[in-house]
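Peer 1: would you be able to build a 3D model of this:
(chains A and B)
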Amino acid sequence: MLRYDTAEIGGPALNHPITTGANSLRSGPDSRGRFGEFGGRFVAETLMPLILEVEQAYRAARADPAFQPELDAYLKNYVGRPSPLWFARRLTEALGGAKIYFKREELNHTGAHKINSCMGQILLARRMGKTRIIAETGAGQHGVATATVCALFGLPCTVYMGAVDVARQAPNVFRMKLLGAEVVPVTSGAATLKDAMNEALRDWVANVRDTYYIIGTVAGPHPFPMMVRDFQSVIGDEAKAQLHEAEGRLPDVAVACIGGGSNAMGLFHPFLDDPSVRLIGVEAAGHGLDTNQHAASLSRGRPGVLHGNRTYLLQDENGQIQEAHSISAGLDYPGIGPEHSWLHEVGRVEYVGATDNEALEAFQLCTRTEGIIPALEPAHALAHIGKIAPGMGKDQIILMNLSGRGDKDIFTVAEALGVKL
Amino acid sequence: MSRIAARFAALKAEGRGALITFLEAWDPDAATSMAILRGMPAAGADLIEIGCAFTDPMADGPTVQLAGGRALAAGATLARTLAMVREFRREDDATPIVLMGYLNPILSYDPVRFCTDAAAAGVDGLIVVDLPTEEADLLVPPARARGIDVIRLVAPTTDDARLPLVLEGSSGFIYYVSITGITGTRTASGAELAAAIPRIRKATDLPIAVGFGVRSPAQAAEAARTADAAVVASALIDTLAGSLDDQGRARPDTVRLVLDQVRMLADGVREARK
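Peer 2: Residues are numbered from 1 along each chain as shown, chains lettered A, B, ... in the order given. Okay, the predicted model is just below:
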């Protein structure tokens, strides 16, 4: 729990329980954008009116019977939804326990789940009359997805990317440029994802009237955590129906990797009110949770405010934000979406870690047994499945979000394995 | 009467606006920034803003970002910034001191304990960039209980419908962010200010300070005349940064160069009688 003395800090923010429907864990956030004590709108006044406008526009879109069918049509015919549910037979046999199913988000157009939210948000931006799009990106997957929808709708796009990530994700940088986006290398701070997000927020403050910021994860000021979750929940909704068709029941466990947490939130949210389903989020443990080289905000961080929301953060004793580390650029973020912080505190979702080396091993195992090269991000989820599946019954089911494909990571993996390409 | 209210009342009687100068605590080191802070009132600063470094200053341009980086490298913390203010108050009990920074270091310190310590040190106001009115209940009650003003920011995007909400319960002065943008970049034109300030004036009796993009004595004079105060930050930091050696260390003339510039700004503001 937050450790400050709340006796003097009045207002409903800290003292009232989350506004959930009768017994639902799915009805957050409250009117202030809070999930319990987490979330909110911690942005400069210059941005506040725009944040409120985005929220209003999003609610109006949701209320418009034309919006969801429009989005669904793009998701079906452009993104390629529904993504398949795949029974990973040989991986299941190799681990010798629970049946493992993959939700194949890596088969989406652009190769990851990121496009689900980009598609929803760009339709919203168009409704709002915005004429310019900006985004931040770490590994480049969200940047590519944003550049893609901008190309589709003919909108100019600027993507902020840490200079360190620009260097280690060269193929995605080139992909974004081919798609017509301007990629701005960010050299401030540590020149990675959090700094790219700072720079995107600075751009937004300066171009607040014509620009829409497509945030890539379930973080940022309200309404972004809610909105991105809603757009990503298509993952869990589909998987639930597909698994019902295949097995006639719910999974015993659902597992997803967590950086900011959008693929996990999208998988988990439709299962939050199914208490029989154990939900496990896997953070990047980097070189180990007990080193200072990881990205495990929930396991090793504490609550604070960054990038517009209150959530668990990696920070020092003075409240300065610390650098995260993960072999996976997409998990290399010192914060986490606020809804995850809440789910952590209420205990509905278990949050664990997988190290760089464990992810690398799982990456190879999946590739050899299933013929699927996963991204290093979901390889963290696979690594945890490797720890729990053998101990589970053969009639039990694990559902995993295979959130991205690994083509982008082959250079990183080759280097880690000591192979020269 | 608080130091902030007393200072603005005195300047009003004098018939001129205020010069608010900024320094980043511990930039580039404790002794240099303490010397600049000490020298500012005599050089003509009417109020002083002390920047509290944060690793992720999302509303700041490169100048203030780099200043924060130097300060953190030198060891800046909130506790050490409060110690600077305590030190300053031994010699100066009149010049208002406002701390400017981001929320997370305050949360980490603990808002209630921070307000207690800040008041004891002699801090008069707080400007927390990422704490909009909607979230202000985190800080306003403990600050007010200890006589500290939480200064509200008003932006060009704050429309007339929103203005009363932003100003509700405000105290000290109003900080008008004169451009849509980050610190140290663009400058608002005289016409933009002439249109914006009366709009805010209609909604509040508090003094209005103009910040973001005020650099030269002429601009400071114009802002102080149109509003009630001009805040100069990046231009002073640029002078400091330009005076450092190639290792980023202060040179013997660093303090003098910054204070000379404060004098020129003060001359500009003093000539711009209302």
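
Peer 1: alpha carbons only for contacts and neighbour counts from here, please
Peer 2: Will do.

Peer 1: what segments of chain B are strands?
Peer 2: With strands called from DSSP state E, chain B shows them at B:18-24, B:47-51, B:97-101, B:125-128, B:149-150, B:152-154, B:174-177, B:208-211, B:229-232.

Peer 1: near chain A at all, stretch B:26-33?
Peer 2: No. Stretch B:26-33 lies out of reach of chain A by C-alpha under 8 Å from any C-alpha of the partner chain, never closer than 14.9 Å.

Peer 1: picking that back up, give me whichever of the strands of chain B is most buried.
Peer 2: Stretch with highest mean neighbour count among the strands of chain B: strand B:229-232 (a mean of 30; mean count of other C-alpha atoms under 10 Å in any protein chain shown).

Peer 1: do you know which of the strands of chain B lies nearest chain A?
Peer 2: strand B:152-154 (6.3 Å; C-alpha to the nearest C-alpha).

Peer 1: what comes into contact with the closest one?
Peer 2: Outside of strand B:152-154, the residues within contact range by C-alpha atoms under 8 Å, 6 or more residues apart in numbering or on different chains are A:45-46, B:127, B:129, B:132-133, B:163, B:166-167, B:170-171, B:173-177.

Peer 1: from those, which two are the most distant?
Peer 2: Comparing every pair within the contacts of strand B:152-154 by C-alpha to C-alpha identifies A:Thr46 and B:Ser171 as the most remote, at 19.5 Å.

Peer 1: neighbour count winner among these two?
Peer 2: Per other C-alpha atoms under 10 Å in any protein chain shown, whichever of A:Thr46 and B:Ser171 has more neighbours is A:Thr46, with 27 against 20.

Peer 1: show me the contacts for the more buried one.
Peer 2: By C-alpha under 8 Å, 6+ apart, the contact set of A:Thr46 is A:Val205, B:Val154, B:Ala155, B:Pro156, B:Thr157, B:Thr158, B:Val177, B:Thr180.

Peer 1: rerun that using 10 Å as the cut-off
Peer 2: By C-alpha atoms under 10 Å, 6 or more residues apart in numbering or on different chains, the residues touching A:Thr46 are A:204-206, A:208, B:59, B:129, B:132, B:153-158, B:177-182.

Peer 1: so what's the residue count around residue 268?
Peer 2: I went with chain A, as the question did not name one. Using other C-alpha under 10 Å, A:Phe268 has 27 neighbouring residues.

Peer 1: try again with chain B
Peer 2: Number of residues near B:Gly268 (other C-alpha under 10 Å) recorded here: 20.

Peer 1: ok, and the closest non-adjacent residue to it?
Peer 2: Leaving aside its sequence neighbours, B:Gly268 sits nearest to B:Pro217 (C-alpha to C-alpha, 6 or more residues apart in numbering or on different chains; 4.7 Å).

Peer 1: that neighbour and chain A, how far apart?
Peer 2: Plainly put, B:Pro217 is 25 Å away from chain A if you go by C-alpha to the nearest C-alpha, to the nearest Å.

Peer 1: test my guess that that residue contacts B:Asp267.
Peer 2: Yes. In this structure B:Pro217 lies within contact range of B:Asp267 using C-alpha atoms under 10 Å: 7.4 Å.

Peer 1: overlap in contacts, the two.
Peer 2: With contacts defined as C-alpha under 10 Å, 6+ apart, the residues shared by B:Pro217 and B:Asp267 are B:Leu19, B:Gln261.
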